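> Structure for this input, please:
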Amino acid sequence: MKPISRRAALTLGSLGVAGTAIGGAGLIWSGREGQGAAGGQAPDSAFGAVPGDTLRQPSELRSADGLLEVKLDAAPGRVTIGGRGATTLGYNGGLPGPTLRVRAGDRVAVRLHNGLAEATNLHVHGLHVSPAGNGDNPFVMVEPGDSFDYEYRLPADHPPGLYWYHPHHHGLVADQVFGGLYGAIIVDDPGPIPAARERVLVISDITLDESGNLTRSSLGERMRGREGELVLVNGQLKPNLGMRPGERERWRIVNVCVSRYLRLRLDGQDLRLLGLDSGRFEAPESVDEVLLAPGNRADLWVTAAEGDGVLRAVAYDRGSAGMGGMMGGDALGGTTGIIDLATVTVAGAGVAALPSFPAQRKPVDLRGAAVTARREFVFAMGMGGGMGGGMAFTINGREFDGGRVDTTVRGGSVEEWTLTNATQMDHPMHLHVWPMQIIERDGRSVDSVLWQDVVNVPARGVVRVRIDFTGFPGKTVYHCHILDHEDNGMMGVIDVRPADQPLA
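Numbering: from 1, shown residues only. The predicted model follows:
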C-alpha cells in the first residue's frame, strides 16, 4: 500500500476531501475556504460592541536555577471582556492564568489552592512527568478551601514546546475549563529560535449572559460538546497586534476550547509550522492553514507581508450529519461560518530577514521498533447509560470508572494502538504522560515522523499509533478531549507497571 507523504498527508483525515492533514488534528494544506456558509461571525451577545484592544500577553512565571515555585489560586473573579465586566473562573485572577516557563530538567512545585465552591485538581497537559503521588495525578481531589502541593520533575531530555494546564476532576472538567481555568506552559528550547518577538495565543470560548455571568449548558450542548458564543484570544475579543513588513514572530497557539475545533487561517501572511503538541519538525513546513482539535497546540513562524490580515477560524464540520435528533434537535456548532479572532496590522519600515531555522534533533521513530502488544480502542456513543439516561459515551463498551483499571502496560515497552471511531462525529483522543506517534490513518501509512498527545479520530475513521511507555510507572487516563464527552464517560484508566513487575 502506498504510504501518505507529508504534503499529501492523510487525505482521508479530519477534513475528508476538503484538504490534507497531518495527524487529523494537525497540519492542513488547503486552498479552500470554509465548508458550509461563508461569513457569519459567532454571536457576540452584548460583548461584541467594543473594538478589540492591543493583544496582551499572559503574565509569566519563569524558573531559575532549575526550580519554579508557583501558587495557583483557582477562584471566580471579575474580568473585562469586550469592554464589559464579566464574572469568570481563573487562576490568580487572570484569563488565562500565568504562563509557566521552564527548561528540561527543572523541578516545578505548584501549590494549588481551591477557591471554588466545588472540588478541583490540576493536569499538566502534554508534559512527560510522573503520574503518581503528587505528580500529574488525575485522581487527586482538592476540596473547596483546601490546598494541594504538586511536584513535577521534568526529565533532562524533555522535549521543548508548548503545553498547558487545566483542571481534571472527573465530571467537572468541562464546566471548569469553559469557565476560564487554563494556562500555558512553555518548555524552552535548548538553543534560540530566531524571531523578532514571541507571542502566546491561548484561544478559548465561553458563553455569558447579558450581565456577564457564566451560563449553564443544556443537555444537548453537553451531549454534542458545547461551543461558546464568545471566542477569545488571551481572554480578549478580537484583539489587535502590530508587525512591521518582513518581521518574523513566533506564535505559540493553544486550543483550550472544550469542544471547538479551530481551523486557523491568516491569509496574505507567510506561515511556517515548527511543530504540533510536543512534536517538532526537523525543518519548518509552509502552511496555509492549521487545524487544532481541543487540546492541540501549534508552534508557528509568522512573517509579515505588506497589508493587514485577520486571524480567522474558518468552518469545520466535526460530524453533525444525522445527529440532530439524537443531540437535542440541532446540529453541531462550528460547522459553518467564519470567526474573526484577531487583526494583524502591518505598518512601518521593513526589517531585514532573520537567520534561518536552526537544525533540530531528529525525532525518534517507532516504526521500526519491536511492538510488545497491540490493542484496539473503540470510541462509541449510544442511548442509555449516563447523562440522566440520555446517551452513553464509551471506550470499548465501558463508561469511565475511576476504581477500575482498563489497560495494564509494562513500563519500557512499545505498544501499537488502533483508535477506532464508531460514531458520526470526531473524537480527539488524549493520553496523559506519553505522546503518540501516528503511523497510519484509515489503512494508509504515514511516511513522516508525527508525534502528538491529542490525536483526532475522524467520524467513522481509524488511526493507528505507537507509544513508548518509558520513564514513569503509575496510573493515569486516556480520554476524548471533547471535555463534555470525557466528563460523561469517554475515558479509561491505564496502569503502567514497572518492567520487573507482573502485569496480572
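
> what about the strands in the stretch 1-150 of the chain?
20-22, 27-29, 60-62, 67-81, 84-91, 99-102, 107-114, 123-125, 147-153 (DSSP state E, counting those that start in this stretch).

> Now tabulate those strands in a markdown table and tack on mean pLDDT, distance to residue 437 and mean neighbour count.
Where C-beta positions appear, they are placed from N, C-alpha and C, glycine not excepted. Shown next, in a markdown table, are these (pLDDT from 0 to 100; distance: least, C-beta to C-beta, whole Å; neighbours: other C-beta atoms under 10 Å):
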| stretch | mean pLDDT | distance to residue 437 | mean neighbour count |
| --- | --- | --- | --- |
| strand 20-22 | 34 | 12 | 25 |
| strand 27-29 | 33 | 15 | 24 |
| strand 60-62 | 98 | 31 | 15 |
| strand 67-81 | 97 | 29 | 17 |
| strand 84-91 | 96 | 32 | 20 |
| strand 99-102 | 98 | 24 | 22 |
| strand 107-114 | 98 | 26 | 18 |
| strand 123-125 | 98 | 18 | 23 |
| strand 147-153 | 98 | 23 | 17 |
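
> and residue 278, which of the ones you listed is closest to it?
Closest to residue 278 of the strands of the stretch 1-150 of the chain is strand 123-125 (C-beta to C-beta; 10.0 Å).

> Give the pairing partners of the closest one; include direction for each.
strand 161-166 (antiparallel) (DSSP bridges).

> State the mean pLDDT of the next helix or strand after the partner strand.
As assigned by DSSP states H and E, the chain's next helix or strand after strand 161-166 is helix 173-179. Mean pLDDT, helix 173-179: 98.

> got the contact list for helix 173-179?
Contacts of helix 173-179 from elsewhere in the structure, counted by C-beta atoms under 8 Å, 6 or more residues apart in numbering, are 74, 76, 88-89, 116, 120, 166-167, 169, 205-207, 214, 217, 222, 226, 228, 256, 258, 483-484, 486-487.

> all helices for the protein, in order.
Ranges of helices within the chain are 173-179, 219-224, 386-389, 483-487, based on DSSP state H.

> Pick the most buried one from these.
When you average the neighbours per residue for each of those (mean count of other C-beta atoms under 10 Å), helix 483-487 leads with a mean of 26.

> Against which helices or strands is it packed?
helix 173-179, helix 219-224, strand 474-480 (3 or more C-beta pairs under 8 Å, 6 or more residues apart in numbering; DSSP states H and E).

> Those: which one's closest to residue 435?
strand 474-480 (12.1 Å).

> what lines up beside that closest one in the sheet?
strand 427-431 (antiparallel), strand 491-497 (antiparallel).

> Can you point out the buried residues in that strand?
Neighbour-count burial for strand 474-480, counted by 16 or more other C-beta atoms under 10 Å, picks out 474, 475, 476, 477, 478, 479, 480.

> mean confidence score for that strand?
Mean predicted confidence for strand 474-480 is 98.

> Low-confidence ranges, the protein, go.
Applying pLDDT under 70 to the chain picks out residues 1-51, 320-336, 384-390, 504.

> residue nearest the centroid of the chain?
residue 295 (1.3 Å; C-alpha atoms, centre = their mean).

> That residue: what's it in contact with?
Taking C-beta under 8 Å, 6+ apart, one finds 125, 255, 256, 428, 430, 453, 454, 481 in contact with residue 295.

> okay, among those residues, which ones form the most distant pair?
Among the contacts of residue 295, 256 and 453 lie farthest apart (C-beta to C-beta), at 14.2 Å.

> need the strands for the stretch 201-350 of the chain, in chain order.
230-233, 240-243, 248-255, 262-265, 270-276, 285-287, 289-292, 297-303, 309-314, 339-346.

> any idea which of these is most buried?
Note that of these, strand 289-292 is the most buried (mean count of other C-beta under 10 Å), with a mean of 28.

> Can you give the strand pairings for that strand, parallel or anti for each?
strand 27-29 (antiparallel), strand 262-265 (antiparallel).

> so what's residue 99 up against?
57, 58, 59, 60, 61, 183, 184, 185, 186, 200.

> Cross-check the contact I'm expecting between the third one and residue 101.
No. Counting by C-beta atoms under 8 Å, no contact exists between residue 59 and residue 101, whose distance comes to 10.8 Å.

> mind listing what the closest residue to residue 62 other than its chain neighbours touches?
Leaving aside its sequence neighbours, residue 62 sits nearest to residue 101 (C-beta to C-beta, 6 or more residues apart in numbering; 4.5 Å). By C-beta under 8 Å, 6+ apart, the contact list for residue 101 reads 60, 61, 62, 63, 68, 185, 186, 188.

> and of those, the nearest to residue 361?
Closest to residue 361, out of all of these and judged by C-beta to C-beta, is residue 188, at 14.7 Å.

> Just give me the neighbour total for the closest one.
16 (other C-beta atoms under 10 Å).

> same question, residue 417
By other C-beta under 10 Å, neighbour count at residue 417 equals 21.

> if I look at the residue lying closest to residue 356 once chain neighbours are set aside, how far off is residue 99?
Taking C-beta to C-beta, 6+ apart, and ignoring the residues beside it in sequence, residue 356 has residue 194 as its nearest neighbour in space, at 7.9 Å. Distance, residue 194 to residue 99, using C-beta to C-beta, to the nearest Å: 21 Å.

> got it, and residue 54?
18 Å.

> again, but for residue 167
Counting by C-beta to C-beta, the gap from residue 167 to residue 99 is 17 Å.
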